[in-house]
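*Asks:* Curious how this folds, go ahead:
(chains A and B)
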Amino acid sequence: MQKSTQAGFWKKNQRALAPWFFMAPGIIMFLVYVIYPIFQSIGISFYEWDGLGPKTYVGLQNYRDLLDDDSFYTSLKNNVIWLVLYLLAIPAGLAVALFLNQTVAGIRLYKSLFFFPFVISQVVVGLIFTWFYAPGFGILPHVINFFTGTPTAILADDKYATYGVIAAGLWPQTAYCMILYLTGLNNISPDQVEAARMDNAKGWSMLWHIIIPQLRPATFIALVVTVIGALRSFDLISVMTVGGPFGSTRVLSYFMYEQSLSEYGTAMGYGAAIAVVLFAIMLVFISLFIVRMLSQERNA
Amino acid sequence: MRSLKALAGLALGVSLFATAAVAGEIVLNSDQSDPAPKKAMEELIADFQKANPGITVKWNNFDHEGYKSAIRNFLTADAPDVAAWYAGNRMAPFVKAGLFEDVSDVWKDNGLDDALKSASASMTIDGKKWGVPYTYYQWGIYYNKDVYKKAGVTEPKNWAEFVANCEKFKAAGVDCLTTGDKGGWPAAGIFDYINMRTNGYEFHMDLTAGKVKWTDPKVKATFAEWAKVVPYMSANATAIDWQDAAALMAQGKAANYVMGNFAVDTFKKGGMTNDNLGFMIFPEITAGIPRAEEAPTDTFHIPSGAKNKADARKFLAFVASADAQTKMNATLGQLPVNNKATAADDPFIKTGFTELSSAYALAQFFDRDAPADMAKAGMDGFQEFITHPENIDAILERLDKVAAKVYK
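*Replies:* Residues are numbered from 1 along each chain as shown, chains lettered A, B, ... in the order given. Coordinates of the predicted model:
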């Protein structure tokens, strides 16, 4: 009797329950490894804690300290610079993609060579650029010396160091955007291009009115990955400057690492407060993207 | 929350059970990842096992940098029986959190209070000993004798002469003082010395312990002395690794380098020999101040969560013994802490031995004497100072702000 009711329940609700069962592994992982840590971080940010001893509740003190901390503003400013300059990867990637979108012998090889910087590890990219900038044996100081008479070492100067690191980051990011656009270019409808040609569209007007509108999905993805890439920039800074000279190349993520996880930092609460701020900034972009994606899905 | 704690306790219990050491086995975690320290450790372990049949050592060797964050995890989660760490303020957080075992008995039973006297103070917190030191090394100024000859300069007898020499090195087209401060700590060595020579050991210790302010006129005096040599320091020092600056000196492009004795190996790899590599004790600045030196000390500790504390104590006693330290430091190329041990037959080690044994007091180094977050802010400040000496007032005020947070 009981068995049959159980079977009945399952039968009745099978359609409603099955998707949840299939999603369960993903949902559980997501809850445990993403959602729970987010709230845990927010919780820790109200405490003073060295990671070992007892926690003391300090309310909003960590956030007040943050507002009074010059390093926080330096990091925030650098994050904005990263965000703005990193977007250059999108037009640069488009330019390279347009350039490579032709049928010449061996074009596949050229394409893969241009894609190469994205395949190699960010750490390697950082090392190569560090040597490139290095005072003494790097080539760039010699080039600058030739033009200006002073061998400026980019990474030693607090005014230029951040730009030096961003330039290194743009190299692989451009390759990434390029590959997105190359795939996009494959899906351009030849009819439209043909029709535009009949109407005498050429060069810029062809690019602006016919090609780019059709590349919109690729542009959207490129924008998303570039913004996220800029906000989570960490490895290049860690490899190239260690946040220096005197903290002038720190971004929020690196600042957080330095405060709570590095050799010299054990301030878990303070680091968590930085993480919450970074999360809030990311949330703005993420919600924008999600809203846009949802509205597109509805229209489709 | 309580159920969560119980669950965590259960998990911990299970993991303890799973990794429980075999009787007579001690688990040793350390970070001797470089070739010479690794070899020294292997010999030490082999000798210990020979001297104590029935005890085997299970050695987990960590990467040097990774160890510093790993130790925080394994001390709380899965404590070994012996762990390597550092003396002074660097061990204070672990001692205060109750993660290290009081080993005063090991000191007492083996007569270490006498044999390890020079490191006794830096191993003591709240009147108890928390570990055993096995090696240290001296700091000072390493210099290129060929460059001195070329510039027609002799070894300075005091700071004024050192500064005067810099002018002559400049005329010869050589950087008077080089440093590769990308990591932040090499400049901290310069600061430690100038501060100890200007204001003395006690003041330096008070500063790193947060008892005096960074805006104190005495600290300003230190930076005023430092400012005298900043114009003669290698350009772009903040973007250079310390080894690359060592190359500058080996190539004759720089004359002096404030460094620890571990750099001798790097200088020699760069082509220098005992004939042209010179060493001098950091010159006197304020006359009459007792001479204190930097001697970072490496240590072994027993975590309070250790499972085999009895055998771990035997290991600590063995490491502290004169014979073990003589042999180990010969391989390491460093100085034994045990004053009955003999230092290796090497000119730099011999000088270091006299330098340290005749010193008034020993400092551990800026990032071990000051708490970690203060050390980081300080090293950032030193980096800024050598690039923009004119910012000194802003730097010191910022350091005071950090200090107010760190030492409350």
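
*Asks:* rest of the way, CA atoms for contacts and neighbours
*Replies:* Noted.

*Asks:* I figured B:A239 hits A:W131, correct?
*Replies:* No: using C-alpha atoms under 8 Å, B:A239 makes no contact with A:W131, being 10.6 Å away.

*Asks:* Looking at the two, which is more packed in?
*Replies:* For B:A239 versus A:W131, neighbours defined as other C-alpha atoms under 10 Å in any protein chain shown are more numerous around B:A239 (28 against 15).

*Asks:* Which residue comes closest to that one once chain neighbours are left out?
*Replies:* What sits nearest to B:A239 in space, not counting adjacent residues and going by C-alpha to C-alpha, 6 or more residues apart in numbering or on different chains, is A:A156, at 4.6 Å.

*Asks:* Check B:V153 too.
*Replies:* The shortest distance from B:V153 to any residue other than its chain neighbours is 6.5 Å, reached at B:N165 (C-alpha to C-alpha, 6+ apart).

*Asks:* where's whatever residue of the stretch 1-150 of chain A ends up closest to chain B relative to B:L99, distance?
*Replies:* Among the residues of the stretch 1-150 of chain A, A:G53 lies closest to chain B, at 5.4 Å counting by C-alpha to the nearest C-alpha. Distance check for A:G53 against B:L99: by C-alpha to C-alpha, to the nearest Å, it reads 10 Å.

*Asks:* Then A:S295?
*Replies:* Computed with C-alpha to C-alpha, the distance linking A:S295 and B:L99 is 55 Å.

*Asks:* which of the two has more neighbours?
*Replies:* B:L99 (22 against 11).

*Asks:* Now do the same contact list for the more buried one.
*Replies:* With contact taken as C-alpha atoms under 8 Å, 6 or more residues apart in numbering or on different chains, B:L99 is in contact with B:75-76, B:303-305.

*Asks:* restrict those residues to contacts with chain A.
*Replies:* B:T76 (C-alpha under 8 Å from any C-alpha of the partner chain).

*Asks:* export the contacts of B:L99 to a markdown table and tack on distance to B:Y193 and neighbour count?
*Replies:* Listed next are the contacts of B:L99 as a markdown table, based on distance: C-alpha to C-alpha, whole Å; neighbours: other C-alpha atoms under 10 Å in any protein chain shown:
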| residue | distance to B:Y193 | neighbour count |
| --- | --- | --- |
| B:L75 | 34 | 21 |
| B:T76 | 36 | 15 |
| B:P303 | 33 | 28 |
| B:S304 | 36 | 20 |
| B:G305 | 38 | 19 |
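
*Asks:* Could you dump the contacts of B:L99 into TSV with pLDDT, distance to A:S41 and secondary structure added?
*Replies:* Putting those into TSV (pLDDT from 0 to 100; distance: C-alpha to C-alpha, whole Å; DSSP: H, G, I helix; E, B strand; the rest coil) gives the following:
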residue	pLDDT	distance to A:S41	secondary structure
B:L75	91	23	helix
B:T76	88	20	helix
B:P303	94	29	strand
B:S304	92	29	coil
B:G305	90	28	coil
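
*Asks:* Looking at the contacts of B:L99, which is nearest chain A?
*Replies:* Top of the list for closeness to chain A, among the contacts of B:L99 and by C-alpha to the nearest C-alpha, is B:T76 at 7.8 Å.

*Asks:* Give me the contacts around stretch A:128-145.
*Replies:* By C-alpha under 8 Å, 6+ apart, the list of residues contacting stretch A:128-145 reads A:150-155, A:168, A:240, B:236, B:239-240.

*Asks:* Not counting residues beside it along the chain, what's closest to the residue nearest the centre of chain B?
*Replies:* Ranked by distance to the mean C-alpha position of chain B (C-alpha atoms, centre = their mean), the top residue is B:P296 at 2.8 Å. Ranked by C-alpha to C-alpha, 6+ apart and with sequence neighbours excluded, the top spatial neighbour of B:P296 is B:Q364, at 4.3 Å.

*Asks:* how much space between the one you found and B:A245?
*Replies:* B:Q364 is 23 Å from B:A245, by C-alpha to C-alpha.

*Asks:* got it, and B:I71?
*Replies:* Note on B:I71: its distance to B:A245, by C-alpha to C-alpha, is 31 Å.

*Asks:* likewise A:T183?
*Replies:* Spatial separation of A:T183 from B:A245 under the definition C-alpha to C-alpha is 47 Å.

*Asks:* More neighbours: the two, which one.
*Replies:* Looking at A:T183 and B:A245 with other C-alpha under 10 Å, you find the greater number of neighbours at B:A245, namely 22 against 14.

*Asks:* Give me the contact list for the helix or strand harbouring that one.
*Replies:* In the assignment (DSSP states H and E), B:A245 maps to helix B:242-250. Outside helix B:242-250, the residues within contact range by C-alpha under 8 Å, 6+ apart are B:143-144, B:178-183, B:186, B:237, B:254-257, B:263, B:266-267, B:270-272.

*Asks:* again with stretch B:279-291
*Replies:* Judged by C-alpha under 8 Å, 6+ apart, the contacts made with stretch B:279-291 from elsewhere in the structure are B:140-143, B:156-160, B:162, B:193-194, B:196-201, B:348, B:355, B:359-361.
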